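Undergrad: Sequence plus the predicted model coming up.
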Amino acid sequence: MIFADYYILIVFVAGFILGLKNGDRLKIPHAEKLGSVLAIVLLFATGLSLGSSWLSEAFTGILPLSLFMALLSIAFSVIMAELLWRNFS
Amino acid sequence: MKLSIFPAVLLCSFLAGSILSPFSGLGRDDSSSFQIIALASFIFVVSYDVGSKMRASSMRSIMKQTFILVISCIVGSAVAGILFAITAGLGIKLSLGIALGMGWYTFDGPALASYAGVNAGALGFFSNFFRELLTLIFYLPISSFAGRIKPIAMGGATTMDTTLTVMRNSREPGITALAFAHGALVSFFVPLLVTIALI
């Protein structure tokens, strides 16, 4: 099942290379809007797949942890940018 | 400050799917197949679009700045993931998988759900969703004392689309190009890094 595990990566790299090679003469019509619609469909499908069981636990466990992770990520990204900028820019 | 309602639409779509799942009549395999097809379609369209825009845009002048910001974003997120694993008591692989989503919640949520289960998917989705929302809220206040370029790293992959709206408010074309290039490059690395983190 190695191929199945890597399908996201394979699709991404294939799409990127195709876009790089053919992007000038063959554009996906309304790619930005299509991407938005597909994002909505994808999240609906994700919701369907996840089911509703997580909702009962969301406000006790998932949301505070998610907020904590988001704050950590933002803080350390800016701190790293500050450090690298001083030394390498 | 111009704020997009698109993140709210996405959240509503996700919640609608969750709430409607018991009434959909779809089995677990059916809904997983639907999710995989939707994810593959979305990834293909986005990656093709990124590829075509990377070719069209001339990024040589901002390459070094972009490189510093991308490295900052990746290393900062990885450090946050390690700290999160220690403080929240989650596995290091899962924490890195969440953190290295770098704001791309439409990818990270489904990817983590298919790799590590329901709760991991929800945590990945909301962590990266909050990262986007917090960037929309805090980019301008932080840029008032840290400068306009460095806080671009906080947005991760979202700086090429949603959070570009607040970064574009700086009215400096160079910063807009930098934010877009940063988001495009981070978007390229997210699937690779998340997959490596979870293996």
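TA: Nice, I can see it.
Undergrad: Could you list the low-confidence segments of chain A?
TA: A:1-6, A:9, A:50, A:53-60, A:89 (pLDDT under 70).
Undergrad: per-domain residue ranges of it.
TA: Chain A breaks down into these domains under automatic domain parsing: A:1-51, A:53-89.
Undergrad: Now do the helices in the chain.
TA: You didn't pick a chain, so chain A it is. A:2-5, A:7-22, A:31-50, A:53-57, A:63-88 (DSSP state H).
Undergrad: could you do chain B instead?
TA: Going by DSSP H, chain B shows helices at B:6-20, B:28-56, B:63-88, B:92-99, B:105-116, B:118-146, B:164-167, B:173-198.
Undergrad: Does anything pack onto the last one? Which helices or strands?
TA: Where contact means 3 or more Cβ pairs under 8 Å, 6 or more residues apart in numbering or on different chains; DSSP states H and E, helix B:173-198 is packed against helix A:7-22, helix B:28-56, helix B:63-88, helix B:92-99, helix B:105-116, helix B:164-167. From N, CA and C alone the C-beta is placed, and that goes for glycine too.
Undergrad: coming back round to it: most packed of the helices of chain A?
TA: helix A:31-50 (a mean of 22; mean count of other Cβ atoms under 10 Å in any protein chain shown).
Undergrad: Residues contacting it, please?
TA: Helix A:31-50 is contacted by residues A:28, B:6, B:9-11, B:13-21, B:24, B:26, B:28, B:31-32, B:34-35, B:37-39, B:41-42, B:45-46, B:48-49, B:52, B:106, B:109-110, B:113, B:118, B:121-122, B:125, B:161 when judged by Cβ atoms under 8 Å, 6 or more residues apart in numbering or on different chains.
Undergrad: Which of the residues you listed are buried, as a PyMOL select command?
TA: A single PyMOL command selects the buried members of these (16 or more other Cβ atoms under 10 Å in any protein chain shown):
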select buried, (chain A and resi 28) or (chain B and resi 10+11+13+14+15+17+18+21+26+31+32+34+35+38+39+41+42+45+46+48+49+52+106+109+110+113+121+122+125+161)
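Undergrad: separation between the nearest residue to residue B:22 once chain neighbours are set aside and residue B:16?
TA: Using Cβ to Cβ, 6 or more residues apart in numbering or on different chains and skipping the chain neighbours, the partner closest in space to residue B:22 is residue A:52 (5.9 Å). From residue A:52 across to residue B:16, the span is 11 Å (Cβ to Cβ, to the nearest Å).
Undergrad: One more: residue B:37?
TA: Distance of residue B:37 to residue B:16, given as Cβ to Cβ: 18 Å.
Undergrad: repeat for residue B:189
TA: Counting by Cβ to Cβ - residue B:189 and residue B:16 are separated by 31 Å.
Undergrad: before we move on, what about residue B:118?
TA: In terms of Cβ to Cβ, residue B:118 sits 17 Å off from residue B:16.
Undergrad: OK, contacts around the closest residue in space to residue B:132 that isn't next to it in sequence?
TA: Nearest residue to residue B:132, sequence neighbours excluded (Cβ to Cβ, 6+ apart): residue B:158, at 4.7 Å. By Cβ under 8 Å, 6+ apart, the contact list for residue B:158 reads B:103, B:104, B:131, B:132, B:135, B:164, B:183.
Undergrad: Please apply the same query to residue B:110.
TA: So, once contact is read as Cβ under 8 Å, 6+ apart, residue B:110 ends up touching A:42, A:45, A:46, A:49, B:35, B:39, B:121.
Undergrad: Mind pulling up the pLDDT for it?
TA: According to the prediction, residue B:110 has pLDDT 86.
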